[in-house]
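Peer 1: What shape does this take:
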Amino acid sequence: MPASKTLNLAILISGSGTTLQNIIDRINDNSLNARIQIVVCNSPDAYGIKRAEQNSIPTAIVQHKGHNQTETFSNRIIKEIEKYPVDLIILAGFLHLFKIPDSYTGKVMNIHPGLIPSFCGKGYYGHHVHKAAIDSGVKISGCTVHFVDNEYDRGPIIIQRTVHVDTDDTPDTLAQKVFKEECIAYPDAIRLFAEGKLIVDEGKVRILNH
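Peer 2: Here you go, the predicted structure:
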């Protein structure tokens with residue numbers, strides 16, 4: 001996909017939408033050539049919905065409790081997304097497993113607030129990740145952008161950025177440090193996708209000319 005083409009995004013959120021806001025900001029300052037076609041949220045009370053509305057972005061609510069199987073929940077989301085032209089689906093603090101159809105393989109990204117494969121999987125999200133990192137005594141943590149498969153926090157790794165874990169860090173302070181790196185890593189990964197520079201080969205991502 002040529003770099004000059006505007007990338008059409010669908011963004012899935014569950015909460016306050018800080019990652020959504022970061023992408024909106026990068027689009028607005030022209031450092032990311034993309035358009036958010038729709039924001040899908042599983043909670044009607046999430047502040048991220050207001051962020052989308054304030055930026056005139058269409059929204060859809062798909063509540064998890066109304067679907068007894070992951071597949072039906074995911075299919076409902078896909079139906080909302082397919083109302084728009086979408087090149088890439090972005091998971092931005094989306095807390096439910098999203099089963100992707102074969103047609104979207106390699107077109108769904110997630111960001112995890114830890115260095116996969118450490119501190120990841122079901123139940124490891126947000127402050128749970130940072131507390132686990134501090135409790136383990138690791139000296140380095142960070143974030144991981146990866147393509148999504150149909151398991152929690154798996155799929156080929158695209159970008160990782162690191163931070164030092166200091167002895168006086170709390171989950172809150174570590175979260176702040178990691179989020180600063182997330183704000184760099186996610187737009188970078190989206191740009192590389194838009195430029196056609198991400199090649200998945202035997203479960204690993206190769207970045208062309210990088």
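Peer 1: Now do the helix or strand of the chain with the lowest mean pLDDT: which elements does it pack against?
Peer 2: Least confident helix or strand of the chain, by mean pLDDT, DSSP states H and E, is helix 70-81 with a mean of 89. Applying 3 or more CB pairs under 8 Å, 6 or more residues apart in numbering; DSSP states H and E, we find helix 70-81 packed against strand 34-41. All C-beta atoms are positioned from the backbone trio N, CA, C, and that covers glycine.
Peer 1: can you list contacts of the strand it packs on?
Peer 2: Here strand 34-41 makes contact (CB atoms under 8 Å, 6 or more residues apart in numbering) with 6-14, 17, 20, 23-24, 26-27, 48-49, 52, 55, 57-62, 77, 80-81, 83-86, 190, 194.
Peer 1: again, 7 Å this time
Peer 2: Applying CB atoms under 7 Å, 6 or more residues apart in numbering, the external contacts of strand 34-41 come out as 6-14, 20, 23-24, 27, 48-49, 52, 57-62, 77, 80-81, 84-86, 190.
Peer 1: I'd like to know which of those residues are buried.
Peer 2: Buried members of the contacts of strand 34-41, counted by 16 or more other CB atoms under 10 Å: 7, 9-14, 20, 23-24, 27, 48-49, 52, 57, 59-60, 62, 77, 80-81, 86, 190.
Peer 1: Just the ones of these in strands?
Peer 2: Judged by DSSP state E, strands contain the following of the buried ones among the contacts of strand 34-41: 7, 9-13, 59-60.
Peer 1: List just the nearest of those residues to residue 149.
Peer 2: Top of the list for closeness to residue 149, among those and by CB to CB, is residue 12 at 15.5 Å.
Peer 1: Could you find the closest non-adjacent residue to that closest one?
Peer 2: Distances taken as CB to CB, 6 or more residues apart in numbering put residue 94 closest to residue 12, at 4.1 Å, once the chain neighbours are dropped.
Peer 1: Distance check, the one you found against residue 32.
Peer 2: Using CB to CB, to the nearest Å, one gets 19 Å for the distance from residue 94 to residue 32.
Peer 1: pLDDT of the particular helix or strand that has residue 163 in it, averaged?
Peer 2: Following DSSP states H and E, one finds residue 163 within strand 157-164. Across strand 157-164, pLDDT averages out at 97.
Peer 1: neighbouring strands for that strand, and are they parallel or not?
Peer 2: Paired neighbours of strand 157-164 in the sheet (DSSP bridges): strand 140-147 (antiparallel).
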